[in-house]
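make a model of this:
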Amino acid sequence: MVKKQGESLKPYETKSYIIKYILENSGPVGEPDIRDYLKKEHELVDQGTINRHLHYLKNEGLITLIEKEKAGHRNKWDITKIEHLANIMKKIKDESLLKNINLNTHEKSLMIALQKNGYDIFSYAGILFYVQLLLSSSYFYACIDTNIELLWDRAQGIYAYKNHSAYQHIENLLVKCYTTYITRYPNLEISIESFISMMTQMSLAEISPTELSMMIQMPRIEEISLAEKYMKIWEEELLGLSEETSDEMHQGTMEDDRKIYWNMYCAAFDLRFYNFFSENTRFDLLFEHYLYQDILDGIASSEEIVFAIHTKANLEYDNDLTDNLDEYHAFFDQRYLSILEQVSRVLAKHKHPSIFGNIYSNPTDTLNGLIEILNKHQEIP
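Got it, this is the predicted structure:
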């Protein structure tokens, strides 16, 4: 039965229908389409009331008017900005005025969230982030409220806690290097904070595969070569010392200096791989945190839990992997493929993102298509 003019729904019910319909469409939605949808699905026909709802939602910052009505054209409405999602979220959470809207299950919302946080859907990190937000509403809401980079900065303490032994080992190495360094070069007057900051920068210096092999095998002649290379990086690029000043510091004591810089580089090397592991498990760590929150709040779906189980990272830093390059690469290659398999299962079930073109109902076909897309954009890690 079509609802007559004057008949009312529960507060915000019509507004919820409108928002959900806009979210379910990939682009702007024409006003006639909104009216047809409300008439067909919810038996609402009062054009004036519908129009007032639309303008109320616009004034509240929940939707935007894309094209004003003029000759031959109709108004079009859309949700395009992170502010729209934040305002909708506020209505859902703080005032409970909007009902049955799961922002994180809609492609439009997810694409806005990715853009806000600086991730490309055609990248490995982007598609993993997309699926994790789709599965966890609390993770999605956190990334609307706060940038993921800030969340990760805060979560590094969790990673350090989970990897306490490795973190303590590296911290002890850095302090030992600092003590040896300032004892050797007391006139440089460098604080431990500046020293560690510079060690972090040195850990990011480019390492060729040949140098990496040298580092692992550690024959004496290559040890000298690498020590001198990183001595130059440290003193000229990081400290800004002139070549003359540097030569004066090492006059007659180069052997001892090489040993100091070799130990500094070993510490920087360990720091590099520790940070590499943390970077490559950052999404897993955050997703795990919000999974726990969803479980405690009683909103974790079986799909979210299954995905977490099958993509669970070893969040413990494995120093042994750095001893064998083949094992190191094989470990991460297998991990990436395993995660993409689980991502493909989710995409096949939810049939989006539409920007990928064909999303097959068969997870295997979806995986092959996903690998092809990532290869095309050179985003297979």
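
show me the shaky parts of this protein.
Along the chain, the model assigns pLDDT under 70 to residues 1-11, 68-73, 94-97, 205-223, 252, 313-329, 378-381.

could you list the domains of it?
13-101, 113-146+281-376, 162-278 (automatic domain parsing).

in TSV, list those domains along with distance to residue 155 and mean neighbour count.
For glycine as for every other residue, the C-beta is placed from the backbone atoms N, C-alpha and C. Shown next, in TSV, are the domains of the chain (distance: least, C-beta to C-beta, whole Å; neighbours: other C-beta atoms under 10 Å):
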stretch	distance to residue 155	mean neighbour count
domain 13-101	21	17
domain 113-146+281-376	6	17
domain 162-278	9	15
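
distance of residue 362 relative to residue 345?
Residue 362 sits 10 Å away from residue 345, going by C-beta to C-beta, to the nearest Å.

in CSV, list the C-alpha atoms belonging to stretch 234-251.
The C-alpha coordinates for stretch 234-251 follow below in CSV (Å, rounded to 0.1, in the frame of the first residue of the first chain):
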residue,chain,number,x,y,z
TRP,A,234,77.5,9.6,8.5
GLU,A,235,80.1,12.4,8.6
GLU,A,236,79.5,14.2,5.4
GLU,A,237,75.7,13.7,4.8
LEU,A,238,74.4,13.5,8.3
LEU,A,239,76.8,15.5,10.3
GLY,A,240,77.8,17.9,7.5
LEU,A,241,81.5,17.7,8.3
SER,A,242,84.0,18.9,5.7
GLU,A,243,86.4,16.4,4.2
GLU,A,244,89.3,18.1,6.0
THR,A,245,87.6,17.9,9.4
SER,A,246,86.8,14.3,8.8
ASP,A,247,90.4,13.5,7.9
GLU,A,248,91.7,15.3,11.0
MET,A,249,89.4,13.2,13.2
HIS,A,250,90.7,9.9,11.9
GLN,A,251,94.4,10.7,11.5
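
list the neighbours of it that are in contact with it.
For stretch 234-251, contacts defined as C-beta atoms under 8 Å, 6 or more residues apart in numbering pick out 185, 188, 198, 201-202, 257, 261, 264.

can you tell me which of those residues lies closest to residue 29?
Checking the contacts of stretch 234-251 against residue 29 with C-beta to C-beta, the nearest one is residue 201 at 49.8 Å.

surely that closest one forms part of a helix?
Yes - counting by DSSP: H, G, I helix; E, B strand; the rest coil, residue 201 is located in a helix.

would TSV of the domains of the chain with distance to residue 156 be doable?
Compiled in TSV, the domains of the chain are given as follows (distance: least, C-beta to C-beta, whole Å):
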stretch	distance to residue 156
domain 13-101	24
domain 113-146+281-376	9
domain 162-278	7
